[in-house]
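In: Please find the sequence and the predicted model below.
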Amino acid sequence: MMNLPLEFKNNMKDLLKDEYEEFLSSYDLPQYKGLRLNTLKLNNIDLLPFSLEQIPWCKTGYYYVEDGPGKHIFHDIGLYYIQEPSAMSVVEELDVNEGDVCLDMCAAPGGKSTQIAAKLNGTGILVSNEIIPSRAKILSSNIERMGIKNAVVLNETPKNIAKFFPRKFDKILVDAPCSGEGMFRKNEEAISEWSQENVTMCAKRQLDILIEAEKCLKSNGRIVFSTCTFSTKENENVINEFIKLYPKFHLCKSKYSFENGLDKDGLCQRIYPHKVKGEGHFFAILERDGDREETIFKNKDIKQDKEFESFVKKYLNIDLKYNVTFGDNLYLSPIQKLDGIKVERPGLHLGELKKNRFEPSHSLALALKREDFKNVIDLKVDSKELQSYIQGETIETDIVGWGVICVEGYTVGLFKGDGRIAKNHYPKGLRK
């Protein structure tokens, strides 16, 4: 049995009553592992060489038991995302529709943001924010890996986001920083960091973030507030305080029951590890009645230059434009006016202008499909050529110019051929 804090155990006794011993025994069970298909690329599990079991509350989510999924090339190229099973429930409740404008206020490492992006299916706008710079970079890399074209990644405070994006979002996710009680089984470090003082501090911070999120929401918009903790101070109390401040909001019922993991009113939802195959989680669904003005994003005209146009015409089977530049780097962004806010990634990074030529990015390779490229080298998942490529080595080809390496029909990375060999453009930081 884990050495759980005494005050935490007493709190859970008060919360669970007769179920407490059953809850405590769940800490002796192994944690459940999950992956979620990235439907921007993959729509079924037939290609995946793992033993998978459907997660009930997420139709694209699956349990797995072996160690392989996180080390496989299919993970590296974004065919799926490794995600804790209970965490997949939250975005299902956000009710994202194609064309929505969405904000993920506390987004790193990116599991829920990439789940939102899959539901948007390349439409609408996703703004993913992370206040800690190092975590914002991890978030950005996961957005890239999953091939997401319509996302902006920010490194900002909730207050600055509220000033910059007033009343602009249809759906907002606040997966708030918390004391992490629901993750004790998964991350024992969270146990050593737990204290009642930290619970109180987290609750204050959570309410502050919700207040800023409210300023960003359109009429009739939806906020889903979630944590990975059990504490009523950080959950129901925060929600009750928020509704007192903003009586235009009302709570909505969850789509799922999670085997009696509900609070007494059936409106705030808890996921307990002794009830389901997953770690601890909490969420509440808030909707605002419509009586306020809305603001919309206004984009400028598409930009062009001859080097980029030449690359597109020569090497791609699709038309492609860019609309944002950062130095010599070209981006396709769903939001062009981003001056005055800290941007980690303004959109899909297309590549860089270098001495009268355009060099495409790895992001572009992962965002496009095999059929979008004119020059393709197809490799098998277990081939020596693929292993050589991801180690940074050259492979033989008679192709001249830019092209893409594919495995089982899915893009892996770029090469540039000279008619004899394909010069490797797989990023050095990803080679293994």
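Out: Looks like it arrived, so ask away. Numbering: from 1, shown residues only.

In: C-alpha only now, for contacts and for neighbours.
Out: Will do.

In: longest helix in this structure, by residue count?
Out: Secondary structure of the chain read by DSSP state H shows that its longest helix is helix 196-216.

In: and it, what's its mean pLDDT?
Out: Helix 196-216 comes out with an average pLDDT of 97.

In: what helices or strands is that helix leaning on?
Out: Packing partners of helix 196-216 (3 or more CA pairs under 8 Å, 6 or more residues apart in numbering; DSSP states H and E): helix 158-164, strand 169-175, helix 236-245.

In: Apply 7 Å and report the result again.
Out: When contacts are defined as 3 or more CA pairs under 7 Å, 6 or more residues apart in numbering; DSSP states H and E, helix 196-216 sits against helix 158-164, helix 236-245.

In: Let's have these in TSV, adding mean pLDDT and mean neighbour count.
Out: Shown next, in TSV, are those (pLDDT from 0 to 100; neighbours: other CA atoms under 10 Å):
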stretch	mean pLDDT	mean neighbour count
helix 158-164	97	17
helix 236-245	95	15
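
In: three-state assignment of L103?
Out: Assigned with DSSP: H, G, I helix; E, B strand; the rest coil, L103 falls in the strand class.

In: Which positions within stretch 362-381 qualify as buried?
Out: Within stretch 362-381, the residues that count as buried by 16 or more other CA atoms under 10 Å are 362-370, 373, 375-379.

In: Following the record's annotation, map out the domains of this structure.
Out: 86-288, 298-368, 370-432 (automatic domain parsing).

In: Throw these into CSV and include distance to N11, thanks.
Out: What follows is the domains of the chain, written out as CSV (distance: least, CA to CA, whole Å):
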stretch, distance to N11
domain 86-288, 8
domain 298-368, 40
domain 370-432, 44
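
In: Of these, which stretch is the most buried?
Out: Per-stretch averages of neighbours, counted by mean count of other CA atoms under 10 Å, single out domain 86-288 among those, with a mean of 20.

In: How far away from the center of its chain is it?
Out: Put simply, domain 86-288 sits 11 Å off its chain's centre (CA atoms, centre = their mean, to the nearest Å).

In: And it, end to end?
Out: 26 Å (CA to CA, to the nearest Å).

In: Please enumerate the strands of the stretch 201-350 of the chain.
Out: 217-227, 249-252, 268-271, 281-288, 324-326, 329-332, 343-345, 348-353 (DSSP state E, counting those that start in this stretch).

In: Repeat that for the stretch 1-150 of the chain.
Out: Using DSSP E, counting those that start in this stretch, strands in the stretch 1-150 of the chain cover 33-37, 52-55, 58-64, 80-82, 101-104, 125-129.

In: Report all helices and strands that the longest one contacts.
Out: Using 3+ CA pairs under 7 Å, 6+ apart as the contact test, the elements touching strand 58-64 are strand 33-37, strand 52-55, helix 88-94.

In: Pull up the pairing partners for the first one, direction included.
Out: Partner strands and pairing direction for strand 33-37 (DSSP bridges) are strand 58-64 (antiparallel), strand 80-82 (antiparallel).

In: Would you mind giving the helices and strands packed on strand 58-64 as a markdown table with mean pLDDT added?
Out: Listed next are these as a markdown table, based on pLDDT from 0 to 100:
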| stretch | mean pLDDT |
| --- | --- |
| strand 33-37 | 97 |
| strand 52-55 | 95 |
| helix 88-94 | 95 |
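
In: can you pull the alpha-carbon coordinates of stretch 223-230 into CSV?
Out: Extracted C-alpha coordinates of stretch 223-230, given in CSV (Å, rounded to 0.1, in the frame of the first residue of the first chain):
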residue,chain,number,x,y,z
ILE,A,223,-16.8,25.9,-20.4
VAL,A,224,-15.7,22.5,-19.1
PHE,A,225,-13.7,22.8,-15.8
SER,A,226,-11.7,19.7,-14.9
THR,A,227,-9.1,18.6,-12.4
CYS,A,228,-7.3,15.3,-11.6
THR,A,229,-8.1,15.6,-7.9
PHE,A,230,-10.9,14.6,-5.5
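
In: Please work out which residues outside it touch it.
Out: 94, 171-183, 280-287 (CA atoms under 7 Å, 6 or more residues apart in numbering).

In: Counting neighbours, what do you get for S25?
Out: Per other CA atoms under 10 Å, the neighbour tally for S25 reads 12.

In: when you give positions from now on, start the count at 109
Out: With 109 as the first residue, the last one maps to S133.

In: That one and L359: what is the separation?
Out: According to CA to CA, S133 and L359 sit 32 Å apart.

In: quick revisit: in JSON lines, list the strands of the stretch 109-258 of the chain along with distance to C514.
Out: Listed next are those as JSON lines, based on distance: least, CA to CA, whole Å:
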{"stretch": "strand 141-145", "distance to C514": "19"}
{"stretch": "strand 160-163", "distance to C514": "24"}
{"stretch": "strand 166-172", "distance to C514": "23"}
{"stretch": "strand 188-190", "distance to C514": "16"}
{"stretch": "strand 209-212", "distance to C514": "31"}
{"stretch": "strand 233-237", "distance to C514": "27"}
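
In: of all those strands, which lies closest to K117?
Out: Comparison of the strands of the stretch 109-258 of the chain against K117 by CA to CA identifies strand 141-145 as nearest, at 25.0 Å.

In: got the buried residues for that closest one?
Out: 141-145.

In: residues contacting G435?
Out: Residues in contact with G435 (CA under 7 Å, 6+ apart): none are found.

In: coming back round to it: make a markdown table out of the helices and strands packed on strand 166-172 and add distance to E501.
Out: Written out in a markdown table, the entries for those read as follows (distance: least, CA to CA, whole Å):
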| stretch | distance to E501 |
| --- | --- |
| strand 141-145 | 30 |
| strand 160-163 | 33 |
| helix 196-202 | 37 |
